[in-house]
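Colleague: Pasting the sequence and the predicted model now:
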Amino acid sequence: MPRRGRPASAPGLLARLDALARAAAPSVSTMAVMVLAAAPVGMPTLVPAVALAGVFFWSLFRPASMPAPAAFGLGLLQDLLGFTPLGIGVLTLLLVHGAALRVRRVLAKQSFLLVWLAYCGFAALAVGLGYVLEALLGWHVPPTPPAVAQVGLAIGFYPILALPMSWAHRGMQRAEGLA
């Protein structure tokens, strides 16, 4: 408690480490789940669905913890894990990040169903953009079933991924309220 006439003391080392961990948790946890999702399990990769959901959710509900450089890094990791041409995941995730920041004042106050419906549109546009970019960079039209499957995976896995992200977000809000 600062005394009258004196400036407040700087936060201690543990307080700074706690703040740093809370700020880095969304990006680091999204990265960790992306790496886990890259495991070969005999089905289409979940990496783009995890990356898209993480960037969308954290850009919408905790934008300070998902800055553009973090979205860039997650997009680069997505490209590397998915063996896609470098830049496709980066561009799509940066655009999703920017668009989510643009609509966050409206969407952050809405119900889960409306946020999910908005995410469905974001997912369809992001996968469509990735499909077009892959066609342009590869000089051939890629098959459409993988793109349709990717939209389905992104839309279908969002509620599963949003639940633990919501718990983490509420936990971080409570911790900040106590500090």
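Modeller: Received the coordinates, thanks. Numbering: from 1, shown residues only.
Colleague: from here on, contacts and neighbour counts on C-alpha atoms
Modeller: Fine.
Colleague: what ranges do the helices span in the protein?
Modeller: Along the chain, the segments classed as helices by DSSP state H run 13-37, 47-61, 68-82, 88-107, 112-138, 144-178.
Colleague: Also compute the angle for the first one relative to helix 68-82, please.
Modeller: Orientation note: helix 13-37 sits at an angle of 30 degrees relative to helix 68-82 (axes from the mean of the first three to the mean of the last three C-alpha atoms, to 10 degrees).
Colleague: now for helix 13-37, which elements pack on it?
Modeller: Packing partners of helix 13-37 (3 or more C-alpha pairs under 8 Å, 6 or more residues apart in numbering; DSSP states H and E): helix 47-61, helix 68-82.
Colleague: I'd like these as a markdown table, with distance to residue 151 and mean pLDDT appended.
Modeller: Formatted as a markdown table, those follow (distance: least, C-alpha to C-alpha, whole Å; pLDDT from 0 to 100):
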| stretch | distance to residue 151 | mean pLDDT |
| --- | --- | --- |
| helix 47-61 | 8 | 96 |
| helix 68-82 | 15 | 95 |
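Colleague: deepest of the helices of the chain, which one?
Modeller: Comparing the helices of the chain by mean neighbour count (mean count of other C-alpha atoms under 10 Å), helix 47-61 ranks first with a mean of 26.
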